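need a 3D model of the sequence below.
(one chain, ligands or ions: 1)
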Amino acid sequence: RVVIGILALQGAFAEHQDMLQKVSGREKIDVVQVRTPEDLARCDALIIPGGESTTIALLARLSGLTEPLKEFVRTKVIWGTCAGAILLSQSVTNAKKGGQELLGGVSVRIARNGWGSQVESFEAPLQVHGLRDSNVPFTGVFIRAPVILSLQATPSEPAIQVISRVPANLVPQCIVEDGPDQAVVALRQGRHLLTTFHPELTDDNRFHEYFVRECVVPSISS
Ligand code: GLN
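Model (predicted):
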């Protein structure tokens, strides 16, 4: 069986677990909460939930998980949502005083809390490439979400595949300059999936199904 871990230090891990359990029946998947290096060692893939990126990084450090997580990023499948997306980024702006430890793994520059105070939290209908029934919009739930500022994959790194952008009227102030990277809210690079919103806070399990089908299962069988 395939084991998918949910990093359960802080944030919306229980919601991810519920959602994954709903889609896992057909796929022979065990879902486990990860709090220690031993928990992580059992996993074939991992979800890092939304929450508070600085807190998650600090708790990972205290739990002895930072180095094992960095190693996991290099070899296994990870999906980061919101705070989890920040942790998987290569660099971050708007970090809290004292800095923000990152795991890296995805070649993007990201702005913490980048949508500005008027739109701290909002929902947006998203078209997502590759989702089941992809003509039916997926409700993106954004909560003090990060903004992807730029995609920075070098030629030697796996290419970044953008799978969703927010509608043009929602493009945040911090990326108003024209550019192909504008308003990206979901992408894949190599084994990793990154979403700046919270699919686990909807009752639509298509994103979890996508993760299992497109990211986890192919990596196990290859
Ligand atoms: N603003 C949070 C952070 O910086 C992320 C918010 C979220 O995960 N919903 O970590």
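
spatially central residue for the chain, please.
Gly80 (2.1 Å; C-alpha atoms, centre = their mean).

excluding chain neighbours, what is closest to it?
Leu88 (4.0 Å; C-beta to C-beta, 6 or more residues apart in numbering). All C-beta atoms are positioned from the backbone trio N, CA, C, and that covers glycine.

isn't the one you found right up against Arg191?
No - using C-beta atoms under 8 Å, Leu88 is not in contact with Arg191, being 10.9 Å away.

name every strand pairing with the helix or strand containing Phe122 and say which way it goes.
Following DSSP states H and E, one finds Phe122 within strand 121-126. Note on strand 121-126: by DSSP bridges, its sheet partners are strand 138-143 (antiparallel).

for the worst-scoring helix or strand of the chain on mean pLDDT, C-alpha coordinates in CSV please.
Lowest on mean pLDDT, DSSP states H and E among the helices and strands of the chain sits helix 217-221, with a mean of 84. Taking C-alpha atoms only, helix 217-221 is exported to CSV below (Å, rounded to 0.1, in the frame of the first residue of the first chain):
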residue,chain,number,x,y,z
VAL,A,217,0.6,7.0,-8.2
PRO,A,218,3.0,7.7,-11.1
SER,A,219,5.9,8.2,-8.7
ILE,A,220,5.3,4.9,-7.0
SER,A,221,5.0,2.9,-10.2
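
report the buried residues of that helix.
The neighbour-count check on helix 217-221 (16 or more other C-beta atoms under 10 Å) flags 217, 219 as buried.

so which elements touch that helix?
Counting contacts by 3 or more C-beta pairs under 8 Å, 6 or more residues apart in numbering; DSSP states H and E, helix 217-221 is packed against no other helix or strand.

just the residues contacting that helix, thanks.
The contact list for helix 217-221 (C-beta atoms under 8 Å, 6 or more residues apart in numbering) reads 2, 27, 44-45, 76-77, 191.

and that helix, how far out from the chain's middle?
Its chain's C-alpha centre and that of helix 217-221 lie 19 Å apart, by C-alpha atoms, centre = their mean, to the nearest Å.

equivalent analysis for stretch 97-109, please.
13 Å.

from what I can see Gly116 touches Val147, true?
No - between Gly116 and Val147 there is no contact, the gap being 9.1 Å when judged by C-beta under 8 Å.

give me the more crowded residue out of these two.
Val147 (25 against 11; other C-beta atoms under 10 Å).

circling back to that earlier point, more neighbours: which of Leu88 and Arg191?
Between Leu88 and Arg191, Leu88 has the larger neighbour count (other C-beta under 10 Å), namely 24 against 20.

ramachandran angles for that one?
In terms of degrees, to the nearest 10, the main-chain angles of Leu88 are phi -80, psi -10.

give me every residue that touches it.
Listed by C-beta under 8 Å, 6+ apart, the contact partners of Leu88 are 48, 73, 78, 80, 102-106, 192, 194.

next one: it from Glu123, what distance?
Going from Leu88 to Glu123 by C-beta to C-beta, to the nearest Å gives 23 Å.

how about Glu67?
Separation of Glu67 from Glu123 (C-beta to C-beta) stands at 37 Å.

fine by me, we can end here.
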